[in-house]
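Enquirer: okay, structure incoming, though there's no sequence with it:
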């Protein structure tokens, strides 16, 4: 059986420097995606969305492992796109107004047909109605700047500003949605050790 670690295969996307902001080109990749609104710290909708995403992602992983491909791979990290209708009003202290898309990258072995099959099985087995809100689609982010933030989410502000300043200092404009990639299991790791890639598209 072949084993693949996509975080290593795609280390330029899932491993960032904590010391300096860097420019990266992100190719089009397929994702499981689900949309919502509200404070991720308190919203039942957010909790249900993440639970459903991981349930389907692991279902797909085991289907690929047991299927003709016989490929074992680690489920990729949770990622989040965050924004408000008017980004001029984006306020880190007003999380209730935040809109979000949570997502998990899927390898090329995952097809739309397999996604539909596994989603139905997961919904029926685990009684997760939120699964119906998940979609399988490509996302092409293109040119971005990124930096690794180490520590609790509440302390991201200065590093987000560093990324934004890096983009404008090089003569570019911010474009698209604020993007975070969560590399740590926050249920087990201490907050001061949480690793989050902060990513911002530009043009």
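Expert: Cool, the structure landed. This one's a predicted model, so the numbers in the text were calculated from it and none came from an experiment.
Enquirer: other SSEs contacting the host helix or strand of residue 180?
Expert: In this structure, residue 180 sits in strand 178-182 according to DSSP states H and E. In this structure, strand 178-182 makes packing contacts with strand 78-83, strand 195-201, judged by 3 or more C-beta pairs under 8 Å, 6 or more residues apart in numbering; DSSP states H and E. Any C-beta I mention is one placed from the backbone N, CA and C, and that applies to glycine too.
Enquirer: residue 100 should be in a strand, yeah?
Expert: Yes: inclusion of residue 100 in a strand is indicated when DSSP: H, G, I helix; E, B strand; the rest coil is applied.
Enquirer: contacting residues for it?
Expert: 35-37, 40, 46, 80-83 (C-beta atoms under 8 Å, 6 or more residues apart in numbering).
Enquirer: make TSV from these and add distance to residue 100 to it.
Expert: As requested, the contacts of residue 100 are exported to TSV (distance: C-beta to C-beta, whole Å):
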residue	distance to residue 100
35	7
36	6
37	7
40	7
46	7
80	6
81	6
82	5
83	8
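Enquirer: any idea which of the helices and strands packed on strand 178-182 is most buried?
Expert: When the helices and strands packed on strand 178-182 are scored by mean count of other C-beta atoms under 10 Å, the highest mean neighbour count falls to strand 195-201 (a mean of 21).
Enquirer: distance between that one and the chain's centre?
Expert: Distance, stretch centre to chain centre, for strand 195-201: 10 Å (C-alpha atoms, centre = their mean, to the nearest Å).
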